[in-house]
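*Asks:* Fold the stuff below for me.
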Amino acid sequence: MELIESADEARRFVAERTRSGKTVGLIPTMGALHRGHLSLVEASNRCCDFSVATIFVNPTQFAPGEDLAKYPRTMEADLDALRATGTDAVFCPTVDEVYPPGFSTSVKPPKIAERWEGEFRPEHFEGVATVVLKLFQMLPGTHAFFGQKDYQQLRVIQTMVTDLNVSIEVVPCEIVREQDGLAMSSRNRYLDDEERSRSLRLSAALESAHDALRAGETDTSKVRQILHQQLLPGLSGGTFPRVDSIDYAEVVDAVTLEPISVVDRPVVCLIACYVGKTRLIDNLIWDPPPLHSLPESQAS
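*Replies:* Prediction:
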C-alpha cells in the first residue's frame, strides 16, 4: 500500500493508471475508520482496478464550536485497517497541502444543501463541496464511493458533479449498522454506555416508519409523527429511553430533499438529533411499490 502526502504525487499515481485504461476508485474519509468506511473500500475493490482512500480531517466543514479539535485521529490504526482491506494507496495530506497559504476560493453548494443540515450547520456543505472537488482534482479517479448514512451530503456531491461536469462516477453505498441497528459513525465513540443504549431510538424510529410505509401509509405527516413519537416517547413524564433533542425528523423527496405531503415517489426519512452532547444522523430510503401492486383497499 502506497502512502501519498502531496497533491502532485496523488495526481501522478492516478494518471499513470487511468492512462492505461484502468479504473481507479476514490474513497474520501476523515479517518477514525470503522466497518462502514471499510465497506466503501470493499465496494471500490469489487468495481475498480485500483482503490485510493484519503484521510484528511477537513477544517472548513466544521463551524466554530463544533468538534474539530476533539475529532478522533487514529492514523496508525486506520492505515492498518486499509492495508488489510486491500487498499492500493492512501492520500494523507497536511492542511497546508490542501489549503495552501493565501487560499481563498470555495465552492458554493447546490440548492439541495439549503435545508436540514444546511439550516443547522450553515457552513458545513461549503466546506464539504470545496474539499471534495479539490480531492477530485488531486485524485482524478473514475469512481468515487460515498456512504448513504450522510444522505444529504451524498446528494450534494451528486448534484455538484452533475452541475459542474466533473468526470467521475459517484457510487452510493448502503449504510452499515451494528448488530443492534445503530448506524456506524466515528462519533459513536463519544457515547457512554447509557447514551449508547438511547441512541438505538434512531434506528427504532426508522424501523417503525418503515413498517408504516410497507403497510401502505402515504401521509407523510403521519410518518413524521411516528418518527417523533419514537425519538421522544414518554413526553408526559414517563421513563422511556429517549433522545435529548431533535434537530429534524422528516420525510422528504429522495431526489430534491424537499418536503412532500404524499408518499407517491421515492422518499427518505431523515433524522438528526442529540444523545447527550453527541449529534447523530440516520436515514431510511423508501421506494413505494407501483400503485397497481398495492392491495385494492390501499390503491383506491
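
*Asks:* Quick check, central residue of the protein?
*Replies:* Taking C-alpha atoms, centre = their mean as the criterion, D150 is the residue nearest the geometric centre of the chain, at 1.9 Å.

*Asks:* what's the helix or strand for V41?
*Replies:* With the criterion set as DSSP states H and E, the secondary-structure element containing V41 is helix 35-47.

*Asks:* So for the residue nearest to the centre of the chain, what's the pLDDT?
*Replies:* At D150, the predicted lDDT confidence score is 98.

*Asks:* now G65
*Replies:* In this model, G65 carries a pLDDT of 78.

*Asks:* before we move on, what SS does it have?
*Replies:* Classification of G65 by DSSP: H, G, I helix; E, B strand; the rest coil places it in coil.

*Asks:* Look at T256 and give its secondary structure.
*Replies:* Using three-state DSSP, the secondary structure recorded for T256 is coil.

*Asks:* for C269, same thing?
*Replies:* Recorded secondary structure, C269: strand (three-state DSSP).

*Asks:* That one bridge partners, please.
*Replies:* Beta-bridge pairing of C269 under DSSP bridges involves V251, L284.

*Asks:* Surely it and A209 touch.
*Replies:* Yes - checked against C-beta atoms under 8 Å, the pair C269 and A209 is within contact range at 5.0 Å. Every residue, glycine included, has its C-beta placed from N, CA and C.

*Asks:* overlap in contacts of these two?
*Replies:* Common contact partners of C269 and A209 (C-beta atoms under 8 Å, 6 or more residues apart in numbering): 223, 227, 251, 284.

*Asks:* would you list every one of the helices in the stretch 1-150 of the chain?
*Replies:* In the stretch 1-150 of the chain, helices defined by DSSP state H, counting those that start in this stretch lie at 7-18, 35-47, 75-84, 95-98, 117-120, 124-138, listed in chain order.

*Asks:* how much space between the closest residue to D247 other than its chain neighbours and R187?
*Replies:* Residue nearest to D247 in three dimensions, not counting chain neighbours: A272, with 4.1 Å by C-beta to C-beta, 6 or more residues apart in numbering. Using C-beta to C-beta, to the nearest Å, one gets 12 Å for the distance from A272 to R187.

*Asks:* intersection of neighbour lists for the two?
*Replies:* The contact lists of A272 and R187 share 279-280, where a contact means C-beta under 8 Å, 6+ apart.

*Asks:* More neighbours: which of the two?
*Replies:* A272 (22 against 16; other C-beta atoms under 10 Å).

*Asks:* what's the helix or strand for the closest residue in space to the residue nearest to the centre of the chain that isn't next to it in sequence?
*Replies:* Taking C-beta to C-beta, 6+ apart as the measure, D150 lies nearest to I281, with 7.0 Å between them; neighbours along the chain are not counted. With elements delineated by DSSP H and E, I281 resides in strand 278-286, which encompasses its position.

*Asks:* Show me the contact partners of that strand.
*Replies:* For strand 278-286, using C-beta under 8 Å, 6+ apart, the contacting residues are 117, 148-151, 175, 183, 185, 187-188, 190-191, 195, 199, 202-203, 206, 209-210, 213, 247, 254, 263, 266-274.

*Asks:* Report the buried members of the residues you listed.
*Replies:* Among those, those that count as buried by neighbour count (16 or more other C-beta atoms under 10 Å) are 117, 148-151, 175, 183, 185, 187-188, 190-191, 195, 199, 202-203, 206, 209-210, 213, 247, 254, 263, 267-273.

*Asks:* secondary structure class for the nearest residue to V132 once chain neighbours are set aside?
*Replies:* If you skip the residues right next to it in sequence, V132 has I157 as its closest partner in space, 5.7 Å away by C-beta to C-beta, 6+ apart. Reducing the assignment at I157 to three states with three-state DSSP gives helix.

*Asks:* Quick check, T85 in contact with A43.
*Replies:* No - under the criterion of C-beta under 8 Å, T85 lies out of contact with A43, with a separation of 10.8 Å.
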